[in-house]
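Student: Sequence and predicted structure, then a few things I'm wondering about:
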Amino acid sequence: MLTANEIRDSFKSFFESKEHLIVPSAPMVVKDDPTLMFTNAGMNQFKDIILGNAPAKSKRVADSQKCLRVSGKHNDLEEVGHDTYHHTMFEMLGNWSFGDYFKKEAISWAWEYLVDVLKLNPEHLYATVFEGSPEENLGRDDEAASYWEQYSPKDHIINGNKKDNFWEMGDTGPCGPCSEIHIDLRPAEERAKVSGRDLVNHDHPQVIEIWNLVFMQYNRKADGSLEGLPAKVIDTGMGFERLCMALQGKTSNYDTDVFQPIIRAIAQLAGINYGAARESDVAMRVIADHIRTIAFSITDGQLPSNAKAGYVIRRILRRAVRYGYTFLGQKEAFMYRLLPVLIDNMGGAYPELKAQQTLIEKVMKEEEESFLRTLETGIRLLDKVMAEVKAAGKTEINGVNAFTLYDTYGFPLDLTELICRENGLTVNIDEFNIQMQQQKERARNAAAVETGDWVTLKEGDTEFVGYDYTEYETSILRYRQVKQKNQTLYQIVLDKTPFYAESGGQVGDTGVLVSEFETIDIVDTKKENNLPIHIAKKLPEHPEAPMMACVDTDKRVACAANHSCTHLIDEALREVLGTHVEQKGSLVTPESLRFDFSHFQKVTDEEIRKVEHLVNAKIRENVPLTDHRDLPIEQAKELGAIALFGEKYGDRVRVVQFGSSVEFCGGTHVSATGKIGMVKIISESSVAAGVRRIEAITGEKVEAMLDAIQDTMADLKALFNNAPDLKAAIRKHIEENVGLKKQVEDFMKEKEAEVKNRLIAEAKEIGGMKVVKAILPMPADAVKNIAFQVRQAISEKLLFVAGSVNEGKPMLTVMISDDLVAAGLKAGALVKEAAKLIQGGGGGQPHFATAGGKNPEGIISAVEKVVELAQG
């Protein structure tokens, strides 16, 4: 029986024999593509080629791609663990043709690999073909059907509808019919009763799709119409885990050697056998699946967070923790302890797992511990809600409360239901679903984008000239309108552009397009499918006219300085902290720079100062830029450029070098380090476990900060009579202030004792009570102290009421002895009613209460009112 690793290798070897270039998997986390957070199909890394934005380095390509499907169109998350074949992270085996072979070869080689190489029984295989669509004016894919008929009987070739057998990249773009290969894994006796043909695409767990052959031959326009693609594309994807299940004679992906080593480790940790109970089995499958997703995401540079892709990873991790907590009794962090098993299983195919093991473990452990604390908080809140429901004589928790627990505290609905059941309560699921739907609608409306068709003025590709120029003659190739959040923008593609498109952490350029007729502001420059997109609020009235593209040079120069400075900081950090430091993210704007890096403890002030000194020394050296463009990647590595995990590099790259600082980079940079001016690190913080963040400013921003510091120092010196030694003057002032404060406190204690004695002496018998009343021009704390001292001296029949005004604000204070409280007198009730006379309110305990107000003129009346109310 072939192992999973052998199956993966056999696929690559087979297509290598068919003259395909075997390429590495792209990172699972997508960068520089606003339409995707994660690679969700093998074709993602080839979008630029399919859309015609980049040439194909080979017309035939094959690979095994790490994929993740949890959101949007491919949302499988809630099914993961409950069935046998859904996953979050999975591997997609695929082969591609870019304008080379088409349906005949794709079908022939798929059959050859499955039947001749892997020895799958052809009688158990079924192929679907597109049945056609009258509304699209598309007929049945008879061409694909005719090729299938060469290998398979007609009753194993099934017509499929548009939903299952017409593939589309999105609302617009390349699309076409597809053929799915399904396999029937049921026992012979079941196959004899019901034909596999009748179960294809009917969600039977043993009659499943294993390979999809997509024949891209159309382009979908914004108006919904189709036009032919000039270069047809083959895009196939085979589920690796499902193929392993078929070849290893299993009925569940989780029973293959892809997952079993992890499941056995989970079972050992939990002390529960896999197969003992459905709930614990589901929990083990969830954890076995999710740990792969989490580990690979962190490896590819995506840390758990509360935004975008980071939130998706945090949600997956928390789902796994919750299943372990609820069904496996794991009350402490445990998933990070499974990482060595995952690395043993997949580290050979993906060595980046081993290289990043320490970081993955630390991030996972911290995230697990954080969510376990959240779960405990949620349980306490739920206990409170349940107590309130029971006190009201009800048996159902409303869906709004359940949703608040879910949305605000990350407390899952099924755990809320479980705890409620244990306490004899139910949850209003309909109300919860309404709240969830409303949230989804809000998110959908906020993200809704209406994109028009490209209007093409002339054919051509964009050439970026921004490394050498900030102004350049250009013309518009095409443009389109985009509407989002009630705002209309225009996306413009130029034939030549000096505008840098946002990528690699550096924000996009702004500037203008100038023609003899008009000037158009470019408010941003983005990269979409590797194509620089210039964003304007207004479309040129004469888009066909020659133009001058002019970058805002002030912003560009500031960005370049900050970007070059990140390279110098990276090198300095490695020198000061150690070679384990690796970039984990960056943001370069004209105002500042941000640099995230791996390090497992806080960077000390001394270390930060060393980094600053090293960088500033390099700036003063005025090291010139050596710009290695279009360099073969092996030569780049020989120069010392360090490849970052989670980044995908082509065969030819750009390397930016400032002396000993050598990095892969596509951004804009200064011509020599001296142009950075100076750097000042303004903050150091934690982003996640094992990841620190530095923020810094350069050049004029440092000047402005130094000016502000100098002005502040001058103001401080003026406050201390321009003392030559400001530090000593401040210390002396603080010491004197402490002494004076102590004298004031001693004086107030003496004053309080004096007032207390006077008030006790002046106490009057009124209505069977010892009434102490006064107007005291003292702070509220002093009046409170006096009240308690009087109560200590007069322990029975005491009614103390004092009015005070401090800094123009009236305060009413009432103190009552315990025997009067027992007789029914309440300080809070007295103060609440009397406070109306000072236009205020208050309350407190039965024996002591206070009230503040706005009307100091009413304080005497308020004191008398308390005495009146106390007499009944």
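Tutor: Received it, and whenever you're ready, just let me know what you need.
Student: measure the residue positioned nearest the centre of the chain to residue 592 for me?
Tutor: Nearest residue to the geometric centre of the chain (C-alpha atoms, centre = their mean): residue 310, 2.3 Å. Using C-beta to C-beta, to the nearest Å, we find residue 310 at a distance of 21 Å from residue 592. Where you see a C-beta, it was placed from the backbone N, CA and C, and this is true even at glycine.
Student: Next: residue 161.
Tutor: Counting by C-beta to C-beta - residue 161 and residue 592 are separated by 54 Å.
Student: and if you look at residue 44?
Tutor: 32 Å.
Student: the more surrounded of these two?
Tutor: More neighbours surround residue 44 than the other of residue 44 and residue 592, with 20 against 17 (other C-beta atoms under 10 Å).
Student: Now for the more buried one: which residues touch it?
Tutor: 26, 30, 33, 36, 65 (C-beta atoms under 8 Å, 6 or more residues apart in numbering).
Student: Quick check: nearest residue in space to the first one, chain neighbours excluded?
Tutor: Meaning residue 26. The shortest distance from residue 26 to any non-neighbouring residue, by C-beta to C-beta, 6 or more residues apart in numbering, is to residue 45 (3.8 Å).
Student: Tell me, how many residues neighbour that neighbour?
Tutor: 21.
Student: What does the pLDDT read for it?
Tutor: Looking at residue 45, its pLDDT stands at 85.
Student: for residue 189, same thing?
Tutor: So residue 189 comes in at 94 (pLDDT).
Student: What is the subsequent helix or strand relative to the one helix or strand it maps to?
Tutor: Assessed by DSSP states H and E, residue 189 sits inside helix 188-193. Next helix or strand after helix 188-193 toward the C-terminus (DSSP H and E): strand 207-220.
Student: For stretch 216-230, buried residues please.
Tutor: 216-220, 229 (16 or more other C-beta atoms under 10 Å).
Student: What of stretch 229-245?
Tutor: 229, 231-245.
Student: out of these, who's nearest residue 352?
Tutor: Closest approach to residue 352 among these (C-beta to C-beta): residue 240, at 17.8 Å.
Student: if I look at residue 291, how far off is residue 337?
Tutor: Using C-beta to C-beta, we find residue 291 at a distance of 10 Å from residue 337.
Student: Between these two, which is the more surrounded one?
Tutor: residue 291 (25 against 15).
Student: from what I can see that one touches residue 319, true?
Tutor: No - judged on C-beta atoms under 8 Å, residue 291 makes no contact with residue 319 at a distance of 11.4 Å.
Student: Quick one: low-confidence residue ranges for the stretch 551-700 of the chain.
Tutor: Low-confidence regions of the stretch 551-700 of the chain, defined by pLDDT under 70, span residues 645-646.
Student: Give the buried residues for the helix or strand encompassing residue 390.
Tutor: Using DSSP H and E, residue 390 sits in helix 357-391. Neighbour counts using 16+ other C-beta under 10 Å place 357, 359-368, 370-372, 374-375, 378-379, 381-382, 385-386, 389 of helix 357-391 among the buried residues.
Student: picking that back up, could you single out the nearest of the buried residues of stretch 216-230 to residue 739?
Tutor: Using C-beta to C-beta, the buried residues of stretch 216-230 come closest to residue 739 at residue 220, 81.3 Å.
Student: Could you give the bridge partners of that closest one?
Tutor: Taking DSSP bridges as the rule, residue 220 bridges to residue 173, residue 226.
Student: Residue 133 now?
Tutor: Beta-bridge pairing of residue 133 under DSSP bridges involves residue 138.
Student: Can you verify my assumption that it contacts residue 163?
Tutor: No - the pair residue 133 / residue 163 is not scored as a contact, 10.4 Å apart, by C-beta under 8 Å.
Student: Torsion angles phi and psi at the nearest residue to residue 42 once chain neighbours are set aside?
Tutor: In this structure, residue 42 finds its nearest non-sequential neighbour in residue 94, 3.6 Å apart by C-beta to C-beta, 6+ apart. Dihedral pair for residue 94: phi -150, psi 150, per degrees, to the nearest 10.
Student: which residues touch residue 94?
Tutor: 42-43, 62-65, 235-238.
Student: Residue 344 too?
Tutor: Per C-beta under 8 Å, 6+ apart, neighbours of residue 344: residue 261.
Student: Doesn't it belong to a helix?
Tutor: Yes - counting by DSSP: H, G, I helix; E, B strand; the rest coil, residue 344 is part of a helix.
Student: Thanks a lot, see you next time.
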